[in-house]
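1. Quick one, fold the following:
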Amino acid sequence: MTTARVILTVPALGLAMAQDLADRFDNDFRIDPLAVTINETDERQGLWETVVYFASDADAEEAQQLLHLPSAIISALPDTDWVKHSLEGLAPVVAGRFFLHGSHDRERRRQGGASLEIDAGTAFGTGHHGTTAGCLLALDAILKRRRPQRILDLGCGTGVLAIAAALAAKRKTLATDIDPEAVRVTKLNAALNGVTPLLNAVAAPGLKDTRIAHGAPYDVIFANILARPLISLAQGLTSILAPGGDLILSGLTRDQVRWVVAAYRNRGLVLAHTLLLGNWATLVLSSKRKRPKHIGAGRLVFRAVGVGW
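-> Residues are numbered from 1 along each chain as shown. Here you go, the predicted structure:
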């Protein structure tokens, strides 16, 4: 299939602007990119470009209009798997005990810890985003003090968090998503990482799904989605969290933290930890009272190997 990519090079972008634009493509529900990357084009002048891959010229042109990007250049490319090509440029990620890598970096697996091989395919999530890394760091901290018995990953995407939990905790994990394609990719990644016996991936329309209810209460729940859905799900998620359990929420920005925290405090949960990576926040809320701990990005053990973070 011939694809098209949008290259934003005029005017030349600074790093912050390129990252911000990439986030806009990722977070705008009206746009459906196959992959989004940023590339440095001039090290001396500090110039960058944002590159977005689409399935068709029409999709690219629509995105250009929706985001009001008259300077964007749309060019057709040969019949190449450009999603795979873009992912091959991603360096492995270290988040606590977890080492995430694509198939192109399989030989760089570490001894010890938990190594995960994740290729996004057509579902969202490679572990490079700050929200996913924040969730992994939160899980790493939880596993240092206890081993959860029941784990739920709500909105699993490619299954990164569910697979990490099953691999490290050696416990049954339920991964759910409203997108059947995400469930298919999660199952493939679970098999690739040898956790199929521990991981049940299902397409579920919401928390009222009987398979989610049947597994409750959960000791750890991941919900790496967006701020608005997190707020609307506060009552439902709290109701299926076990006493003493931990709720790991992400997909929200720093300025959205207070609204999300307020929704869950109103349901009796206590903020235990806040992890910040760039403009992204990950919250750990507990059903038992703890002294809140705030962790800035400078103190987190998170990096992309070979890349400055």
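
2. Can you pull out the low-pLDDT segments for this structure?
-> Along the chain, the parts satisfying pLDDT under 70 run over 1-13, 76-91, 103-113, 119-129, 289-309.

3. Just give me the residue right at the centre of it.
-> A centroid search over the chain (CA atoms, centre = their mean) returns Thr132, at 3.5 Å, as the residue closest to the centre.

4. so Cys156 sits right up against Thr176, yeah?
-> Yes: with contacts counted by CB atoms under 8 Å, Cys156 reaches Thr176, the gap being 6.2 Å. Just so you know, the C-beta spots here come from the backbone N, C-alpha and C atoms, and that holds for glycine as well.

5. and for these two, which residues touch both?
-> 183, 201 (CB atoms under 8 Å, 6 or more residues apart in numbering).

6. Comparing these two, which shows the higher neighbour count?
-> With neighbours defined as other CB atoms under 10 Å, Cys156 and Thr176 compare such that Cys156 has more, 31 against 25.

7. contacting residues around that one?
-> 162, 175-177, 182-183, 186, 201.

8. Just the ones of these in strands?
-> Among the contacts of Cys156, the members falling in strands (DSSP state E) are 175-177, 201.

9. on that earlier part again, my guess is the residue nearest to the centre of the chain contacts Ile248, does it?
-> No: between Thr132 and Ile248 there is no contact under CB under 8 Å: 10.9 Å.

10. and for the two, which residues touch both?
-> With CB under 8 Å, 6+ apart, Thr132 and Ile248 have common neighbours Asn224.

11. And the contacts of Cys156, which is closest to Asp140?
-> Nearest to Asp140 out of the contacts of Cys156 is Ala162 (CB to CB; 15.1 Å).

12. ok, so what distance separates that closest one from Leu116?
-> Here Ala162 is placed at a distance of 11 Å from Leu116 (CB to CB, to the nearest Å).

13. same thing with Val261?
-> Distance from Val261 to Leu116, by CB to CB: 29 Å.

14. The two - which one has more neighbours?
-> Neighbours per residue (other CB under 10 Å) separate Val261 from Leu116, with Leu116 holding more: 26 against 20.

15. can you pull the contacts of that one?
-> 98-101, 127, 160, 163-164, 167, 193.

16. Pairing partners for it in the sheet, please.
-> Leu100 (DSSP bridges).

17. three-state assignment of Pro229?
-> Counting by DSSP: H, G, I helix; E, B strand; the rest coil, the backbone at Pro229 sits in helix.

18. Neighbours of it, how many?
-> 13.

19. Now the closest residue to Ala216 other than its chain neighbours: phi and psi?
-> Nearest residue to Ala216, sequence neighbours excluded (CB to CB, 6 or more residues apart in numbering): Ile240, at 3.9 Å. Backbone torsions of Ile240, given as degrees, to the nearest 10, read phi -110, psi 10.

20. thought Ile240 was touching Gly206?
-> No: with contact defined as CB under 8 Å, Ile240 does not reach Gly206; the gap is 11.8 Å.

21. which of these two has more neighbours?
-> Ile240 (19 against 12).

22. give the contact list for the more buried one.
-> 152, 207, 212-213, 216-218, 221.

23. Make TSV from these and add neighbour count to it.
-> TSV is the format used below for the contacts of Ile240 (neighbours: other CB atoms under 10 Å):
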residue	neighbour count
Leu152	28
Leu207	18
Ile212	20
Ala213	11
Ala216	15
Pro217	16
Tyr218	24
Ile221	26
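
24. Of these, which belong to helices?
-> Assignment to helices by DSSP state H places the following of the contacts of Ile240 there: 212-213.

25. Switch the contacts of Ile240 over to TSV; also include distance to Leu21.
-> Listed next are these as TSV, based on distance: CB to CB, whole Å:
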residue	distance to Leu21
Leu152	34
Leu207	34
Ile212	36
Ala213	41
Ala216	40
Pro217	41
Tyr218	37
Ile221	32
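
26. show me the contacts for Gly268.
-> 238, 287.

27. Using the three-state scheme, assign it.
-> Going by three-state DSSP: Gly268 is coil.
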